[in-house]
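[1] After the sequence you'll find the predicted model.
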Amino acid sequence: MDTFNSPNPQMVVEVNYKLRNWWIDIKRNREREIRQLLGGLTHLIFVIPNPHLIRALLEFWDPVRMAFKFVDFDLAPTIEEISGFIDMPYHECEMIVQYKPSSREFLKSLGKKSNPTLTSLDLGWIHFDFLYSRFGRDDSYYSFIDEFECTVEEWETYHLNAFAIALLGSLIFLKIRGRLTHACFMWFEI
């Protein structure tokens, strides 16, 4: 959640059970591929956050300097240090440049037809349940076959990308519960 403009910031205290089930299904058949896509971020699904510690740390967060400010020192973790924590090699990755795709580009990147009624994409977000219903279960492709312009084999790859977007939007780039923001869309080349 937006911790800088809210006097009582919200945080992830529990991972969505649908995201956990989705991960279990993917892990059975495509764990290697999703780990190549997300690295160690998949471990976040099983982290149990300590809300008291997070609230205490927020008291020391300086949003201007992007650091924790204590009485006699500042603590500003570097990208390289964070990459070590999440087991993603920093030097092998290109920097991510924020990019907000159009709704048409985003849907096409998931093998879906354009959907003018899906106005949330133009506002920079998509609902978790929308992605889950179309990609989260093995029968999702057949349940929404009229919405896709891809084969079931191509859908398997889109299925992994949709999971990655759901994980990033739910646990990393969280804004409003259930809404996955455009910040997580930039993870993929469209």
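    Great, that's in hand.

[2] any idea which residue of this structure is furthest from its center?
    Largest separation from the mean C-alpha position in the chain: D72, at 35.1 Å (CA atoms, centre = their mean).

[3] Quickly find the element holding it.
    Assigned by DSSP states H and E, D72 belongs to neither a helix nor a strand.

[4] so how far is W61 from it?
    17 Å (CB to CB, to the nearest Å). The C-beta positions use only the backbone N, C-alpha and C, and glycine is treated the same way.

[5] before we move on, the earlier item: and the residue farthest from the centre of the chain, what pLDDT?
    Per-residue pLDDT puts D72 at 85.

[6] can you give me the helices for the chain?
    For the chain, the helices defined by DSSP state H cover 17-38, 51-58, 79-85, 103-109, 128-135, 140-143, 152-167.

[7] Verify the contact between K112 and I145 for me.
    No - taking CB atoms under 8 Å as the definition, K112 is not a contact partner of I145, at 11.1 Å.

[8] And for I126, the neighbour number?
    26 (other CB atoms under 10 Å).

[9] give me every residue that touches the closest residue to E149 other than its chain neighbours.
    The shortest distance from E149 to any non-neighbouring residue, by CB to CB, 6 or more residues apart in numbering, is to K113 (5.1 Å). By CB atoms under 8 Å, 6 or more residues apart in numbering, the contact set of K113 is L107, E147, F148, E149.

[10] Turn the helices of the chain into JSON lines, including mean pLDDT, mean neighbour count and distance to T117.
    Formatted as JSON lines, these follow (pLDDT from 0 to 100; neighbours: other CB atoms under 10 Å; distance: least, CB to CB, whole Å):
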{"stretch": "helix 17-38", "mean pLDDT": "87", "mean neighbour count": "15", "distance to T117": "23"}
{"stretch": "helix 51-58", "mean pLDDT": "80", "mean neighbour count": "11", "distance to T117": "37"}
{"stretch": "helix 79-85", "mean pLDDT": "63", "mean neighbour count": "12", "distance to T117": "39"}
{"stretch": "helix 103-109", "mean pLDDT": "84", "mean neighbour count": "17", "distance to T117": "10"}
{"stretch": "helix 128-135", "mean pLDDT": "92", "mean neighbour count": "19", "distance to T117": "11"}
{"stretch": "helix 140-143", "mean pLDDT": "94", "mean neighbour count": "16", "distance to T117": "18"}
{"stretch": "helix 152-167", "mean pLDDT": "90", "mean neighbour count": "19", "distance to T117": "19"}
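
[11] any chance of the ones you listed in CSV, with distance to R65 too?
    Output for the helices of the chain, formatted as CSV (distance: least, CB to CB, whole Å):
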stretch, distance to R65
helix 17-38, 29
helix 51-58, 15
helix 79-85, 16
helix 103-109, 33
helix 128-135, 32
helix 140-143, 44
helix 152-167, 29
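
[12] Could you say which one of these comes nearest to I45?
    Counting by CB to CB, I45 lies closest to helix 17-38 out of the helices of the chain; the figure is 5.3 Å.

[13] Perfect, that will be all.
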